[in-house]
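Visitor: For reference, the sequence and a predicted model appear below.
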Amino acid sequence: MPRLITHLSLYISLFLLFANCSNRQKTENNSFPELPVDKYTLDDILVRDPFILPDNSDSTYYLYCATSEPQDRPNGRHGVKMYKSKDLQKWTGPYLVYETPADSWANPGFGIWAPEVHQYNGKYYLFATQTNDKVLLGKDNGKRPPLTKRGTQIFVSDRPEGPFKAFANKSHTPEEWLALDGTLWIEDGTPYMVFCHEWVQITDGTMEYVPLKKDLSTTAGAPKTMFRATDAKWVKSNSNHEEGGYVTDGCFLYRTKTSELLMIWSSFGESGYAVASAISTSGKLEGPWVQNEDLIFSENGGHGMLFNTFDGKLMIALHYPNSGATPHTKLFELTDAGDHLVRKE
């Protein structure tokens, strides 16, 4: 009888141990509040800077966007939400995949910009631009947006659904820069972040690239400039502010069918916010970069990204309209012309 009691006690102890581990794992994997889930079309979803990840492992499209609506922030902290779809038509969500911690370097009460998720080396990496509007990096002259601390930070998860966790409590872009819109590019086996140095700080915005460590945990060198906004003849000054400047936004890299390296990016042109492309004559991030003057999209929408559908179509996703209270995702099919991209009508 004592031996039976001993064995029974052991079984009970093991059961409680496994149950505790299971509950702890469940808590860790679902550490963000649950949001009311429903089905939507893209026209129903309010979003700026949309990003769509086609995941071949489950034949699902994942749409990532900021928690721009109050109902998406049950704790009052800004974050990133996700919708998913099998056909790009009907979307289920939202699901909260990242919530700014209360002790973050960024202000949890300030919105997140340009979230995008990349699959790399068996993990999923969230790039998100965050701001601390309580910290100024220079004197505010009142004629431009204030020089608030802003940068892109990278987070990691084992799943496209998150939760995404930080490597450290700081941005990956230089902490003394107003930087935004970071994206991932792999060149000769090395991961890089390509990002924008904001016009608010330097007047003529730039595109920059910086090497990352293999696990994307931090940078592995200093940023280098690819080009400036005014290198493109189509770019106009941002007239929304008394003291204007030249915007670089929404960079995204793409290798064409003829192995040319293209970047799509956004700024302001004759008809408002727009998407154009540039080509690297070396086929490398270092350039030099030549600007294509024919715009991909010029009708007051932008911050585009490219993806291939599961049936092989090349698509651009962007937000439209750029002005107004109800931007949403627009999808257009593109033709890869080798040295440039053409939007299909």
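Guide: Happy to help now that I have it.

Visitor: measure the closest residue to residue 274 other than its chain neighbours to residue 343 for me?
Guide: Ranked by CB to CB, 6 or more residues apart in numbering and with sequence neighbours excluded, the top spatial neighbour of residue 274 is residue 298, at 4.4 Å. For the C-beta atoms, the positions are set from N, CA and C on the backbone; glycine is no exception. As for residue 298, its distance to residue 343 is 10 Å (criterion: CB to CB, to the nearest Å).

Visitor: which ones are touching residue 214?
Guide: Residues near residue 214 by CB atoms under 8 Å, 6 or more residues apart in numbering: 121, 191.

Visitor: Start the count at 23 instead of 1 going forward.
Guide: All set: I'll call the first residue 23, so the last point we hit is now residue 236.

Visitor: pLDDT at it, what is it?
Guide: We have a pLDDT of 98 for residue 236.

Visitor: Surely it is within a helix?
Guide: No: checked against DSSP: H, G, I helix; E, B strand; the rest coil, residue 236 lies outside a helix; its state is coil.

Visitor: For it, give its distance to residue 199.
Guide: To residue 199, residue 236 is 24 Å away according to CB to CB.

Visitor: same question, residue 222
Guide: Residue 222 sits 11 Å away from residue 199, going by CB to CB.

Visitor: What of residue 134?
Guide: Going from residue 134 to residue 199 by CB to CB gives 18 Å.

Visitor: of the two, who's got more company?
Guide: Under the criterion of other CB atoms under 10 Å, the comparison of residue 134 against residue 199 puts residue 134 first, with 26 against 20.

Visitor: Sketch out the low-pLDDT regions of the chain for me.
Guide: 23-53 (pLDDT under 70).

Visitor: I'd guessed the residue nearest to residue 296 sits against residue 293; true?
Guide: Yes: contact criterion CB atoms under 8 Å: residue 320 and residue 293 qualify, at 5.0 Å.

Visitor: Neighbour count: those two, which is higher?
Guide: Legend: neighbour count by other CB under 10 Å for residue 320 and residue 293, higher for residue 320 (17 against 12).

Visitor: That one: what's it in contact with?
Guide: When contacts are counted by CB under 8 Å, 6+ apart, residue 320 touches 291-294, 296-297.

Visitor: if you set the cut-off to 6 Å instead, what comes out?
Guide: Applying CB atoms under 6 Å, 6 or more residues apart in numbering to residue 320 gives the contacts 291, 293, 296.

Visitor: Sort out for me which of the residues you listed are in strands.
Guide: Mapping these onto strands (DSSP state E) picks out 291, 296.

Visitor: a markdown table for the contacts of residue 320, including distance to residue 122?
Guide: Putting these into a markdown table (distance: CB to CB, whole Å) gives the following:
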| residue | distance to residue 122 |
| --- | --- |
| 291 | 33 |
| 293 | 35 |
| 296 | 30 |
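
Visitor: Please, where are all the helices along the chain?
Guide: Here the chain has its helices, by DSSP state H, at 24-51, 221-224.

Visitor: Just give the number of residues close to residue 162.
Guide: Quick note: residue 162 (other CB under 10 Å) scores 11 neighbours.

Visitor: Look at the closest residue to residue 91 other than its chain neighbours and say how many residues are nearby.
Guide: Leaving aside its sequence neighbours, residue 91 sits nearest to residue 68 (CB to CB, 6+ apart; 6.1 Å). Neighbours of residue 68 under the rule other CB under 10 Å: 16.

Visitor: how near is residue 68 to residue 349?
Guide: For residue 68, the distance to residue 349 (CB to CB) stands at 7 Å.

Visitor: same thing with residue 197?
Guide: Counting by CB to CB - residue 197 and residue 349 are separated by 30 Å.

Visitor: again, but for residue 193
Guide: 25 Å.

Visitor: out of those two, which sits in the more crowded spot?
Guide: residue 193 (25 against 22).

Visitor: wait, what's in contact with the more buried one?
Guide: Residue 193 touches 173, 175, counting by CB under 6 Å, 6+ apart.

Visitor: Grab the longest strand from the chain for me.
Guide: For the chain, the strand with the greatest residue count under DSSP E is strand 145-158.

Visitor: just checking, what packs against that strand?
Guide: strand 135-142, strand 170-179 (3 or more CB pairs under 6 Å, 6 or more residues apart in numbering; DSSP states H and E).

Visitor: same thing but 8 Å
Guide: Here strand 145-158 touches strand 113-121, strand 135-142, strand 170-179, strand 201-209, going by 3 or more CB pairs under 8 Å, 6 or more residues apart in numbering; DSSP states H and E.

Visitor: Need the ones you listed in TSV (columns: mean neighbour count).
Guide: Formatted as TSV, the helices and strands packed on strand 145-158 follow (neighbours: other CB atoms under 10 Å):
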stretch	mean neighbour count
strand 113-121	22
strand 135-142	22
strand 170-179	22
strand 201-209	22
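
Visitor: For residue 99, which of the ones you listed is the nearest?
Guide: strand 113-121 (5.3 Å; CB to CB).

Visitor: angle of that closest one against strand 135-142?
Guide: 90 degrees (axes from the mean of the first three to the mean of the last three CA atoms, to 10 degrees).

Visitor: Can you tell me which helices and strands strand 113-121 packs against?
Guide: When contacts are defined as 3+ CB pairs under 8 Å, 6+ apart, strand 113-121 sits against strand 60-62, strand 82-88, strand 101-107, strand 145-158.
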